[in-house]
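> What follows is a protein structure lacking sequence information:
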């Protein structure tokens, strides 16, 4: 009788260890997935900021701009303000050289709600201008939350 009690205890403790290993494996896979998704989102955010700077300043693509504005930015940039914004950019003429975009993506809650602030220096023949972008990825796609274009005085 004693022998069968000991045998069932060792069998149940072996099952607990197997379940514990499976749970730890699932937690590890979940953490790896969250971490790799975070890195991918950071890469996508940086690429979106570079593309946005290129499409706004060099290509002057008002359709791209309008399609990627957040709801709040759309209220801050009605159609007339968008026209004025692009007219200000067009006054400086074509940019000279590549656009240097700097900034980082940050996350609220460690892995969720990515957002970033980026600064782009745009060189023109007689001067330069700074483009500041605030972007986020609330659900489904990257969007522009805020944008400013600050031309510098002529050299």
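On my side now, so go ahead. If you're wondering where the values come from, they're calculated on a predicted model, not measured in any experiment. Residues are numbered from 1 along each chain as shown.
> what's around residue 102, how many residues?
11 (other Cβ atoms under 10 Å). Quick note: C-beta positions are derived from backbone N, CA and C, even for glycine.
> no, scratch that, I was asking about residue 64
Residue 64, neighbours per other Cβ under 10 Å, totals 16.
> what do you get for residue 72?
When neighbours are counted by other Cβ under 10 Å, residue 72 registers 11.
> Kindly report the same for the one 5 residues further on.
The tally of other residues near residue 77 (other Cβ under 10 Å) stands at 20.
> Then residue 71?
If we define neighbours as other Cβ under 10 Å, then residue 71 has 10 of them.
> can you check residue 57 too?
As a burial measure, residue 57 scores 21 neighbours (other Cβ under 10 Å).
> give the contact list for it.
Residues counted as contacts of residue 57 (Cβ atoms under 8 Å, 6 or more residues apart in numbering) are 89, 95, 99, 120, 122, 129, 131, 149.
> Tell me the pLDDT of it.
Listed pLDDT for residue 57 reads 94.
> Kindly report the same for residue 26.
In this model, residue 26 carries a pLDDT of 94.
> Likewise for residue 139?
pLDDT recorded at residue 139 is 80.
> strands paired with the lengthiest strand in the chain, and their directions?
For the chain, the longest strand by residue count, based on DSSP state E, is strand 112-123. On the basis of DSSP bridges, the sheet neighbours of strand 112-123 come out as strand 100-108 (antiparallel), strand 128-136 (antiparallel).
> Output the ones you listed in a markdown table, with mean pLDDT and distance to residue 85 appended to each entry.
As requested, the strands paired with strand 112-123 are exported to a markdown table (pLDDT from 0 to 100; distance: least, Cβ to Cβ, whole Å):
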| stretch | mean pLDDT | distance to residue 85 |
| --- | --- | --- |
| strand 100-108 | 93 | 18 |
| strand 128-136 | 95 | 11 |
